[in-house]
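Peer 1: predicted coordinates and the sequence they were generated for:
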Amino acid sequence: MTIFNFILKSFWFFRRQHLAVFAGALISTAVLTGALIVGDSVKFSLKQIVDARLGNIKFAMQTGDRFVRSELADDISKDLNIATSPILMLQGISINTESRSRINKTQINGIDQSFWKLSNKTIPELSEDEVIISNNVAQKLNLKIDDEILLRVENANVIPLNAPFAKETDPSVSFRVIVKAIADDENLGRFGLKNIQSAPYNIFVSMEYLARKIDLQGLANIIITSDNIEQNLKVEDINYSLSRVWQPEDANIVIRELDNIGKIEMLSNRIFIDLPISESLKNFEIPNETILTYLVNTIRFNEKETPYSFVTATSSPFLPKDMKENEIIINEWLASDLNVSISDTIEIDYFIIGPLRTLEEKSNKFIVKNIIPTRGNIANKSLMPLFPGLSDAGSCSDWETGIPIDLERIRDKDEKYWDDYKGTPKALISIQTGLNLWKNKYGSYTAIRFDKNDISPDNFKNEILKKLNPNDLNLSFTPVHSEGIQAASGGVDFGELFLSMSFFVIVAGILLTVLIYSLNTESRSEETGVLSGLGFSKKQIIQIRFSENIITAIFGGIAGAFIGILYNYGIMIALNSVWQNIVRTNMLNVCIRPSTLFIGAIGGVIIALLAIYFVTIKKLKQPIIGLIRDSSLYSHKVTKIRNSINKFIAIISILIVIALVSYSFVTSIDQNASLILSAGGIFLISSIAIINLIFNKTRQNPDTSLLTLTQFAFKNAAKNKGRSIAIITLLALGTFTIIITGANRKTFYSSENIIQSGTGGFLFWSETTLPILYNLNSDDGKSKFGLDDEANLENVDFIQLHELDGDDASCLNLNQVQKPKILGVIPEELNIRNAFSFVKLMKGIDENKPWLELNKSYEKNVIPAFADQTVITWGLIKEIGDTLIYLNENGEQIYLVLIGGLNASIFQGNILIADDVFMKHFPSVSGSKTMLIDGPLENKDKIAGLLNTYFQDYGIELTSASERLSQFYSVTNTYLTVFMFLGGLGVIIGTLGLGIVLLRNIIERRHEIALLLAVGFSGKKVFKLIFIENIYLLLLGTGIGICAAIIGILPSLISPSYSIPVFFVFLLVVLVLSSGILWIYFPARKAINSRLITSLRNE
Amino acid sequence: MIVELDSISKYYENEGIITRRDVLNEISIAINSGDALSIVGPSGSGKSTLLNILGTLDLPTSGIVKIKGKDIHDFNEKQLAEIRNNNIGFIFQLHHLLPQLTLIENVLVPTIPQKDKSIKKSAMERAMDLLDSVGLVDKIHQRPGQLSGGECQRATVVRALINEPNLVLADEPTGSLDQDSADQLGELLSDINKKYNVAMVIVTHSLDLAKKMDTIYKLDHGKLNVTISE
């Protein structure tokens, strides 16, 4: 007889018992493996999505609001021998004119044939009126090949739309096109540069055609490139190539020669020369002349006025060196018009253009220092910048300036001046004065001049390119593919998530293993005792038990790993359908890695073996003779120690619960939610300790009175204390967690209109495809859109936010987001309303006026910012006080310090900074695409109807603020649903454990039951006894769980603005109880149906 | 001397009810090779406790237990297991044969932890001899469930002897047997004592069985008294 034979024989003989252990190991392994596979699958799918949306694209340069030459792509391609493609990507609205269905946020991609080289398939060239649409556009607009589609594309411009004197144009350009093809995933149908799993609505159109429609010929705002496998290019290589091949035109620089005055002049076709460019010229060792020309509304002397004139501030050496800041030189024409002489004081009125084209008229007085000839070298028409709509106008009445021009003020002599001298400035001031008055966020100068004797035009161009780096204008490539893969890998770990959400199922599996194994061991305790008696050491006995069960555990682990695949399929099906709220895509595919199966199987086996090990060790701690005989005599000493421990735990934990609850009530119960939750958990522990004590007491104290049936039942429950406590613990823990989770489901119940709620008390959240350039709260802004006559819009407030496009950092995005969208908010507006509430604020932040903290100045380029706490924790995987790094328009790094986390709000997915700071760093962002709208609640529907009508062509998507919030809530709630579902499953498996324990008890106690029947207990009475005995456990478990949960959710219970979904929680508890009763009922029925008396007779 | 008990006492404390139950009180006894003694006494007198202490399955509350001259307090759990395996054979009131094993396998179970290779090597031959001597050689492939109570108990005698112990401890070996089987087993135990010169200690209620041993001790109120000497 060898030990191996002994183990094998035992394994085979007790195969039924092993089968139950196998089931327990199988459940925990299956859940463990399934959860890990979910993690793998989500990551794998996200990576697949990255490949689908980028094809062979590895690097991309997005120019923001700037435009570069489309040939730049060719230049880089030639330089590095890689495939490149320019794209003119604009936002637009696509409309199926037949069905009237529309997609507001359509990505209109102007492409040429080079684009398809970066996909896996080539598509025939697009003619002018043809487009390729993505699958989702075809589905949403119900389009097929050869159908007609109306596109309304944003009327983008090289000049920032909000820049002073920028021409006022229609916000969009419309044209009809025919669907030539429908692009699937292999044809870059999902093309997009944002790290998000949901597919953008893509329409591909000929770049040349699109550019012509919006007057941006030869320009692009995105350049994409492939990789060069041989060279294994890095992003630095691409950026270095960019700096080698870029041209002044890519920085919107125009160089012209002014032969008549022997000068070379640098201008910008963005009107004002960008600050980084003018700053870089400071390093030029060649003298230059800076010019800032501005259109003023009026030049006044006494009662006389000259309307609409150009005034130039210059550092020209022709200006007298002793010219003071309040002095002005005027030309003879102006002197004559106003009848002004030297030393007279004239007044100049001009507009300062604020955000959303708000105009503020200002005045300054100047003393006339000199009068110069109208036609001369000092002041001539070359000083007028490239004002589209002005410099090319035939007459004054044709001016399109972006500021209001009162044509009635324009006299014949003004027209004559325009005819004779065009935009020749009528007055000159010092450059310093000009900068003080008119320097703006778009730039300081309208021109910079150099003497041709100092530098040739060619050298000038080379010098500029040398001094300036594309990065200074925020022109740089990013490794979009690797960043995409990184974002996909670094996002929400669904493996961990489902592992934690499956916690109760795993625990139930383990508990099942422990319970069954424990029962098996108990039933074989005689054998253990005999082996000990025969001279087997504990080590040898553990070895035998372990070896015997390792076979079970390994089989359970292997089978569990494969069942885990099924579990994973179940979860994936749910994620792609009923739980799609979490993932926002139906593109999730299962990815099964052998390593994951192996880890899952090993994990399951280890868990099962640990459970087996501890139970065996515990069993072997009993005296040998106790194993062979009734152990009750031999365990008294142990019980005494345990009783003391239990008493200690019970008293201490009750005191802690009282202390925590009292402290929370005395301070602020809302702020101490986590403390209260802990109190609930500790209450659970103390209750279990108390139950343990009661069981011990019941076992020890002889009852001298007559027993009732229920007392008898309780004594029976106390007899197998370990099993009973295990069942109570599982039920209590499960019920506690389910209720806590259920109570945390986000609901409104009329709390959405509270200003401190996540809606901020706003009626609507609005997003438009095209920017709204005017302040809709001003009369002027309202009249621009015809809103001024609408009585229902009278009391409507608009909070218009500037935005820097970025990744969606809300819970709708599964990727780890590096650069979320930034919104510029006006802190004062939100502070006055005391809108929204904060979960967390950085130390030192004024809790009473947190919004105003956004205005505070930190170090250079360090900016205070807020975000939703959920975004900070889950989207960005950061904490309060952490920093996000962006590049501003000048290519400088800016550091957004997260100084506070908002309670779940409609701002989810965005980073909030002060609008002033926003505009300082991103001056080109024109208009507002995001608005918060408030108004009378009773007019909500009317307001929505009107806004949808008036802003239809802007692609407005008006969402009720509460609906937007509920969208985010739906994600959280879906997570909670999953957790509750799996938790419920765990508890139900736990109640199954109760059934198994009961069944086992009945088998073990068959003699006892038979005796009861023999002494005159009716079958009904025996059933009642067993039923009550186990109902005790069920009710104690769920009761303790419910009480602990009530303590845990006290802040929510007493909060007037929060309602617990009572029905939902009630339903769950009823389900657990029903399941428990079911698992008690059947074994109890079986007990009285067995032929027990016979077994007694056989004794 | 195989086992020596020197002034051992044993008592149990019940929790909750403040009581102390004295089971054994200052008992001293020495067991040598070939001794055959039985212990009788009323239920609850501590017979089995005494036997368990002799067999190192239990420890006294006070006093010294020596096995082959060495105090068992000096041994760890593993060494005690070795001592039991090499020196002591147990026969319990219930046979406790393992249901998963056949008769021969059950008998050979104690050889699994046996370290003496010569004993291990000859175990099968010895088992067959012993089984033959107890009349079970034709039932070696049967499982305990297929045997009668007497047969099972006789098998446990063989199991107790398989490692050639110096001492066999039997706790109510005939308690679950009918009279005939009990008589047969009593004879068998007596024969074994004589044939193998193995010390035999039997705890029993049966005076018939007790008389088959050389010395009968009576355990009463925790004290051990010799009632009948050879």
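Peer 2: Noted; the coordinates are in hand.
Peer 1: give me the neighbour count for the nearest residue to A:K422 once chain neighbours are set aside.
Peer 2: Using C-beta to C-beta, 6 or more residues apart in numbering or on different chains and skipping residues adjacent in sequence, the residue nearest A:K422 is A:K381, 4.1 Å away. Yep, even glycine has a C-beta here, placed from its N, CA and C like the rest. Counted with other C-beta atoms under 10 Å in any protein chain shown, the neighbours of A:K381 add up to 15.
Peer 1: for A:I253, see how far away A:K381 is.
Peer 2: Per C-beta to C-beta, to the nearest Å, A:K381 is found 21 Å from A:I253.
Peer 1: then A:I1077?
Peer 2: 82 Å.
Peer 1: quick one: which of these two has more around it?
Peer 2: Under the criterion of other C-beta under 10 Å, the comparison of A:I1077 against A:I253 puts A:I253 first, with 21 against 16.
Peer 1: does the more buried one really touch A:I277, like I thought?
Peer 2: Yes. Here A:I253 reaches A:I277: they are 6.6 Å apart, a contact under C-beta atoms under 8 Å.
Peer 1: between those two, which contacts overlap?
Peer 2: Shared contacts of A:I253 and A:I277, defined by C-beta atoms under 8 Å, 6 or more residues apart in numbering or on different chains, are found at A:268, A:464.
Peer 1: hmm, A:Y421 and the residue nearest to A:K422 touching each other?
Peer 2: Yes. Shown here, A:K381 and A:Y421 form a contact pair, counting by C-beta under 8 Å, at 6.1 Å.
Peer 1: and stretch B:188-195, how far out from the chain middle?
Peer 2: How far stretch B:188-195 lies from its chain's middle: 13 Å, per C-alpha atoms, centre = their mean, to the nearest Å.
Peer 1: for it, buried residues please.
Peer 2: For stretch B:188-195, the neighbour count (16 or more other C-beta atoms under 10 Å in any protein chain shown) marks B:188-190, B:192-193 as buried.
Peer 1: can you give me the strands for chain B?
Peer 2: In chain B, the strands defined using DSSP state E lie at B:3-14, B:19-31, B:36-40, B:62-67, B:70-71, B:88-91, B:167-171, B:199-203, B:215-220, B:223-228.
Peer 1: direction included, what does the shortest one pair up with?
Peer 2: Yep, that's strand B:70-71 we're talking about. strand B:62-67 (antiparallel) (DSSP bridges).
Peer 1: the inter-axis angle of the partner strand versus strand B:3-14?
Peer 2: With axes from the mean of the first three to the mean of the last three C-alpha atoms, to 10 degrees defining the directions, strand B:62-67 sits at 140 degrees from strand B:3-14.
Peer 1: thinking again about what came up before, out of the buried residues of stretch B:188-195, name the ones that lie in helices.
Peer 2: Counting by DSSP state H, these place B:188-190, B:192-193 in helices.
Peer 1: can you pull the contacts of the residue nearest to A:K117 when sequence neighbours are not counted?
Peer 2: Closest residue to A:K117 apart from its sequence neighbours, by C-beta to C-beta, 6+ apart: A:A83 at 4.6 Å. Neighbouring residues of A:A83 by C-beta under 8 Å, 6+ apart: A:56, A:77, A:114, A:117-118, A:225-226.
Peer 1: go with 6 Å
Peer 2: Taking C-beta atoms under 6 Å, 6 or more residues apart in numbering or on different chains, we find A:A83 in contact with A:117-118, A:226.
Peer 1: make JSON lines from those and add neighbour count to it.
Peer 2: Below are the contacts of A:A83 laid out as JSON lines (neighbours: other C-beta atoms under 10 Å in any protein chain shown):
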{"residue": "A:K117", "neighbour count": "14"}
{"residue": "A:L118", "neighbour count": "21"}
{"residue": "A:S226", "neighbour count": "20"}
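Peer 1: around chain A, pick out the residues from chain B.
Peer 2: B:15-16, B:52, B:57-58, B:77-78, B:81, B:84-85, B:90, B:96, B:98, B:100-101, B:105, B:108, B:110, B:112-113 (C-beta under 6 Å from any C-beta of the partner chain).
Peer 1: what separates the most centrally placed residue in chain B from B:G55, distance-wise?
Peer 2: The centroid of chain B falls nearest to B:L169 when counting by C-alpha atoms, centre = their mean (1.5 Å). Look at B:L169 and B:G55: by C-beta to C-beta, they are 5 Å apart.
Peer 1: out of everything not next to it in sequence, what's closest to A:L281?
Peer 2: A:I448 is the one closest to A:L281 (C-beta to C-beta, 6+ apart), at 6.1 Å.
Peer 1: ok so the one you found is a strand residue?
Peer 2: Yes. The assignment for A:I448 is a strand, going by DSSP: H, G, I helix; E, B strand; the rest coil.
Peer 1: run a quick neighbour tally on it.
Peer 2: Residues near A:I448, counting by other C-beta under 10 Å: 22.
Peer 1: could you do B:G44 as well?
Peer 2: 10.
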